[in-house]
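# dropping a prediction and its sequence here:
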Amino acid sequence: MESKLAKPPLESLEIENSSLSKIQPLYLNRQILRENIKFSNRNYSSVKSSLSIRGKVKRNKMKGAFRVCNRKGSCGLYIDEQRDEKMISRVAKDMSRLKNLRKFSVHFRKCPKLGNAGVLSLSQSITMMNNLKSLRIVFQGGDILSNFSIRKLIKAIGKCTALNSLDLRFIVCNSLGDDALRHLVSSFKHLAHLKSLTFSLDWCSRITDTGIKILENTLSNLKKLEKLKLSIVAHNSNATNGAKSLQSIVNSLHNLAATSNLRVLSLNLKRWNVNMVSLAEGLKQLHSLVSLDLNLEWCENLTNEALENICNAISTMSHLRNLNLNLEECAGITEISSVKNMILTLKELSSLSLNFPSLLEVNDNSLRIIKPGLESLKKLDTLHLNFQRCWDIGDEGVDNLLQGIGPMQKLRDLSIEFDWQKNITIQSFNNIKTNLMNFENLRSLSLGFEWCASVTNECAEPLGELFTRTKNLERLSLNFGNCHELGDNTLKYLNVGLKELKNLIQLDLNFQFCENFTNEGLEEVKEALLNMPLLRDLSLNFDWSGGINDAGLRELCSSISQLSKLLKLTLFFSWLEKITEKSLGFVSHAVLQCKHLKLAEFNFICCRNIQENAIRDFKKTLRDHSTISEVYCNFENNETEVAIIDDEDDDGNDNGMQIEEEDDQDQDDDSENEDDGEEIEEEDDNEANN
């Protein structure tokens with residue numbers, strides 16, 4: 001018998017059209033629903049015009065559209081890539097009735113049929129949500145979006161005067177031009193309470209200096225802004241990589257420093273082919289910044305001089321606590337001494353991330369230079385360093401780097417990537433053990449040595465000994481992909497310490513394309529897992545390990561089945577000629593024993609001895625699992641299968657779900673015929689007709 005209790009008002013709605021599987025379980029399982037929907041009040045008051053659902057949720061006759069609302073306060077929407085304007089308009093009309101929403105999120109991902117009508121319907125719905133505090137709208141791959149419809153959307157956003165958080169992104173929208181942004185200034189000036197803004201114009205080929213200038217004028221009106229995430233990834237064919245656009249960005253930072261209390265800044269200028277010297281002029285005005293994320297990836301004209309100016313500007317930010325600097329593929333950078341000078345002045349940092357992938361001039365001497373800067377950061381809590389594809393780093397450089405990390409006794413999260421280093425040997429691993437073995441506060445450790453040709457089995461022995469001294473670790477990631485000398489002995493050495501990590505909640509072991517592993521290696525993994533009762537996230541990659549067969553999978557799965565708290569499971573065992581459908585049976589049994597499992601991914605590509613009927617049974621097992629919300633299975637044809645979606649109702653009908661309203665039927669009939677809110681003003685009737 002259904003409860004007579006009224007339900008709390010709906011305050012949070014997220015719409016995601018990329019995968020039905022991601023949103024479906026939130027509204028099927030009431031326990032999950034309670035965990036994911038937050039309400040500001042505890043009284044159970046009913047809300048008029050909220051939608052409710054009865055019966056089992058299936059795809060409805062709109063062939064892919066998925067809508068769920070219920071009196072408990074949940075609401076969901078799925079729009080697949082083939083939906084047309086009529087369906088999107090209908091859904092938007094339904095959404096306009098949810099006048100108690102405080103958080104609304106919609107993501108149009110690769111919707112080729114999304115045009116004017118759909119965006120205009122969405123705009124009208126937004127104007128009816130008077131209580132919105134947080135709004136997120138993402139257009140990804142909208143090639144037929146018109147400037148007119150986006151202008152209408154921006155005007156509608158301007159009417160949400162209660163907004164304090166806005167996330168508006170246009171990603172690879174090639175039809176979007178400067179004219180679409182015309183009303184940004186006039187609309188955003190009404191958002192007097194806006195404290196957080198995320199705005200993206202990534203890969204939009206028709207945005208020029210004019211559009212960036214409009215953005216500059218818009219930001220100058222946001223007096224209460226505290227958090228800004230601005231991303232403008234330059235397209236090769238547009239002018240957003242010009243000096244004028246950069247000057248507009250600099251002017252925006254000047255204005256924000258003068259008129260707002262900006263504390264968090266994320267600036268993504270990826271692929272801007274312009275000298276960045278002037279960027280420092282804007283950064284050095286932001287004295288109150290607490291967090292800075294600066295992405296200059298693939299800025300090939302970034303020079304040593306420009307980097308020095310930028311680092312000097314960051315050095316003046318005395319309140320800075322979090323810094324992320326990305327210089328990947330910046331070919332003009334030949335030395336990083338300015339980075340050392342910068343971090344020497346930022347002694348209060350609690351989080352530092354430095355990314356130098358593919359900087360060919362970064363070598364052992366560079367790490368010796370940066371060592372004093374690292375030694376000064378004794379209050380650091382989180383450190384991420386990325387030296388992928390810096391070809392000339394060897395044991396000497398690793399030793400200097402680790403000596404710099406040594407004084408950071410408060411460190412809790414450490415990640416170092418040394419992928420593609422040809423000169424790293426067991427000496428580096430001994431240095432890792434020596435310098436980290438006394439880090440009692442360390443909770444998360446990630447080490448990357450992919451494609452390091454000199455790494456051998458013996459290199460794992462110091463790591464195993466290290467883990468016996470860092471027993472408080474909760475998260476561990478080891479990447480040895482394409483280290484062809486590794487085999488079962490590697491896991492024997494590692495297991496000396498792995499089985500001591502009883503507090504581990506996340507484990508990621510990557511041995512992809514390491515051909516020498518056999519069942520004996522999986523026996524070591526089994527023993528380690530049996531000593532990790534708290535594990536929630538497990539990822540194992542043994543692609544192309546030709547010595548593994550069904551017996552090895554059986555032993556491994558027997559340990560996985562005992563991980564009672566496991567929430568996420570990832571198993572990659574592709575290109576293994578010796579495993580058969582028996583292995584799928586072992587995995588199925590393990591999955592069924594994991595009563596709390598929510599996310600899973602299985603790769604068995606080119607395992608040619610697995611029969612088609614076994615694959616079908618495997619998918620059925622996953623589909624019937626009571627808690628799994630998302631599963632991906634890759635088999636021989638390399639096509640991704642989502643295992644939890646039923647295409648038809650159990651009774652064979654495709655009539656969709658039954659939706660009822662709290663209002664009586666007469667009221668419902670009237671609401672279908674009347675307009676759901678005031679019309680959005682037409683600025684140009686002729687343009688609208690066009």
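Received the coordinates, thanks. Numbers count the residues shown, from 1 in each chain.
# which parts of stretch 301-316 are buried?
Judged by neighbour count using 16 or more other Cβ atoms under 10 Å, the buried positions of stretch 301-316 are Leu302, Thr303, Ala306, Leu307, Glu308, Asn309, Ile310, Cys311, Asn312, Ala313, Ile314, Ser315. Any C-beta I mention is one placed from the backbone N, CA and C, and that applies to glycine too.
# again, but for stretch 611-624
Taking 16+ other Cβ under 10 Å as the basis for neighbour counts, the residues of stretch 611-624 that come out buried are Ala614, Ile615, Phe618, Lys619, Thr621, Leu622.
# need those residues in CSV with secondary structure and pLDDT, can you?
Listed next are these as CSV, based on DSSP: H, G, I helix; E, B strand; the rest coil; pLDDT from 0 to 100:
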residue, secondary structure, pLDDT
Ala614, helix, 90
Ile615, helix, 91
Phe618, helix, 92
Lys619, helix, 88
Thr621, helix, 88
Leu622, helix, 88
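# and the furthest pair within the residues you listed?
Ala614 and Leu622 (12.9 Å; Cβ to Cβ).
# where are the low-confidence patches of the stretch 101-250 of the chain?
When residues are selected by pLDDT under 70, those of the stretch 101-250 of the chain lie in 111-113, 115, 142-144, 236-241.
# tell me where it has strands.
If you assign secondary structure with DSSP state E, counting those that start in this stretch, the strands in the stretch 101-250 of the chain sit at 103-109, 134-140, 165-171, 196-202, 227-231.
# quick revisit: nearest to Leu599, of the buried residues of stretch 301-316?
Of all those, the one with the least separation from Leu599 (Cβ to Cβ) is Ile314, at 37.6 Å.
# who's in contact with the helix or strand hosting that closest one?
Counting by DSSP states H and E, the element that carries Ile314 is helix 304-315. Helix 304-315 is contacted from outside by 275-277, 279-281, 283-284, 292, 294, 320, 323, 327, 330, 332-336, 338-339, 341-342, 345-346, using Cβ atoms under 8 Å, 6 or more residues apart in numbering.
# helices - which of these land there?
Using DSSP state H, the subset of the contacts of helix 304-315 located in helices is Leu279, Ala280, Glu281, Leu283, Ser338, Val339, Asn341, Met342, Thr345.
# low pLDDT regions in this protein?
Scanning the chain with the threshold set as pLDDT under 70 gives 1-88, 90-97, 99, 111-113, 115, 142-144, 236-241, 636-690.
# follow-up on the earlier one: now the angle from the helix holding Ile314 to helix 337-345?
Compare the direction of helix 304-315 with that of helix 337-345 by axes from the mean of the first three to the mean of the last three Cα atoms, to 10 degrees and you get 10 degrees.
# so how far is helix 304-315 off the chain centroid?
Taking the mean C-alpha point of helix 304-315 and that of its whole chain, the gap between them comes to 29 Å (Cα atoms, centre = their mean, to the nearest Å).
# dump that helix to CSV, keeping only the CA atoms.
Listed in CSV are the C-alpha atoms of helix 304-315, where the atom choice follows Å, rounded to 0.1, in the frame of the first residue of the first chain:
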residue,chain,number,x,y,z
ASN,A,304,61.0,31.5,-21.2
GLU,A,305,60.5,35.2,-20.7
ALA,A,306,56.7,34.9,-20.7
LEU,A,307,56.8,32.0,-18.2
GLU,A,308,59.1,34.0,-16.0
ASN,A,309,56.7,37.0,-16.0
ILE,A,310,53.8,34.7,-15.2
CYS,A,311,55.7,33.0,-12.4
ASN,A,312,56.7,36.4,-10.9
ALA,A,313,53.0,37.4,-11.0
ILE,A,314,51.9,34.3,-9.2
SER,A,315,54.6,34.9,-6.6
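# in terms of helices and strands, where is Phe602?
Phe602 belongs to strand 599-603 when assigned by DSSP H and E.
# what lines up beside that strand in the sheet?
Based on DSSP bridges, the strands next to strand 599-603 in the sheet, each with its direction, are strand 568-572 (parallel), strand 630-634 (parallel).
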